[in-house]
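# okay, structure incoming, though there's no sequence with it:
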Ligand code: SF4
């Protein structure tokens, strides 16, 4: 199973109808805000449960007592490399979350914060596919999301997020610290630093100047230091 990032193919091979993902710029602002405030995403999932079938390990912090009280202890195990008391909820052999019963989350009102934060629209936003073979259902869903571009900034901002994701993926060698190859983490990183690529685009339009890749990496590192 590969965890490497792959590009999102533009074609929807499922033949399913498009899904409105919302105006890009308003989605971007809301999502950046939700990510920093850990407020949880408001995703129009409908009947979809793709992410509950996709072999995700779910981190649960020790402060999530209402959630932990509703999950049998034998389904939880220690999360490596996380702060003390954090546990992981695993998945079955078929990749399904054990708390999904009859295609419904059996602890929905008290579901983990990780599940509340998950928004599969980050993949089409960054132009990256969920990638792993066991994420086929999410890949099919992400191909159906279509953003709107109602204002003058929507397309430019979407292009900047995708430019950020591309740069992080292709020029990881320019950074002092390791750049994640995991599709979710890379997409979130692109949302956090897209404004650097917006500024580069504006400078190129105004004066024709383009910084070197090493200079871009330093600007990205500075931007990250401010938000992390
Ligand atoms: S894959 Fe996306 S649309 Fe489907 S349940 Fe998960 S977040 Fe919602």
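It's in. Here the structure is a predicted model, which is why all the values come from computation and not from measurement.

# what score does the residue lying closest to residue 122 once chain neighbours are set aside have for pLDDT?
Nearest non-adjacent residue to residue 122, counting by CB to CB, 6 or more residues apart in numbering: residue 187, 4.2 Å away. To be clear about C-beta, it is placed using only N, CA and C from the backbone, and glycine gets the same treatment. Looking at residue 187, its pLDDT reads 96.

# elements contacting the helix or strand harbouring residue 187?
Applying DSSP states H and E as the criterion places residue 187 in helix 183-207. On a contact count with 3 or more CB pairs under 8 Å, 6 or more residues apart in numbering; DSSP states H and E, helix 183-207 meets helix 24-37, helix 122-126, strand 128-129, helix 154-170, helix 213-227.

# mind listing what the shortest one pairs with, with the direction of each?
Taking DSSP bridges as the criterion, strand 128-129 sits next to strand 6-7 (antiparallel) in its sheet.

# may I see the buried residues of stretch 65-80?
For stretch 65-80, the neighbour count (16 or more other CB atoms under 10 Å) marks 67-68, 71, 79 as buried.

# same question, stretch 196-204
Of the residues in stretch 196-204, 196-198, 200-201 count as buried by neighbour count, 16+ other CB under 10 Å.

# how far does it sit from its chain's centre?
Between the centre of stretch 196-204 and the centre of its chain there are 23 Å (CA atoms, centre = their mean, to the nearest Å).

# neighbours of residue 141, how many?
Residue 141 has 23 neighbours, counted by other CB atoms under 10 Å.

# separation between it and the ligand?
Computed as CB to the nearest ligand atom, to the nearest Å, the residue 141 to the ligand distance reads 5 Å.

# chain neighbours aside, what residue packs nearest to that residue?
Among residues not flanking residue 141 along the chain, residue 50 sits closest, at 4.9 Å (CB to CB, 6+ apart).

# the one you found contacts residue 140, doesn't it?
Yes: at 7.3 Å, residue 50 counts as touching residue 140 under the criterion of CB atoms under 8 Å.

# residues from the chain in reach of the ligand?
Taking CB under 6 Å from any ligand atom as the contact definition, the chain meets the ligand at 43, 45, 48-51, 118-120, 138, 141.

# among those residues, which are in helices?
Per DSSP state H, helices hold the following members of the residues of the chain next to the ligand: 138, 141.

# most neighbours, which of the residues of the chain next to the ligand?
Greatest neighbour count in the residues of the chain next to the ligand, by other CB under 10 Å, goes to residue 120: 25 neighbours.

# that residue contacts residue 51, correct?
Yes: if you go by CB under 8 Å, residue 120 and residue 51 touch, sitting 6.5 Å apart.

# who touches both of those two?
Common neighbours of residue 120 and residue 51 (criterion: CB atoms under 8 Å, 6 or more residues apart in numbering): residue 138.

# how about the spatially most central residue of the chain: what's its closest non-neighbour residue?
Centroid-nearest residue in the chain, with CA atoms, centre = their mean: residue 184, separated by 3.9 Å. Using CB to CB, 6+ apart and skipping the chain neighbours, the partner closest in space to residue 184 is residue 122 (7.0 Å).
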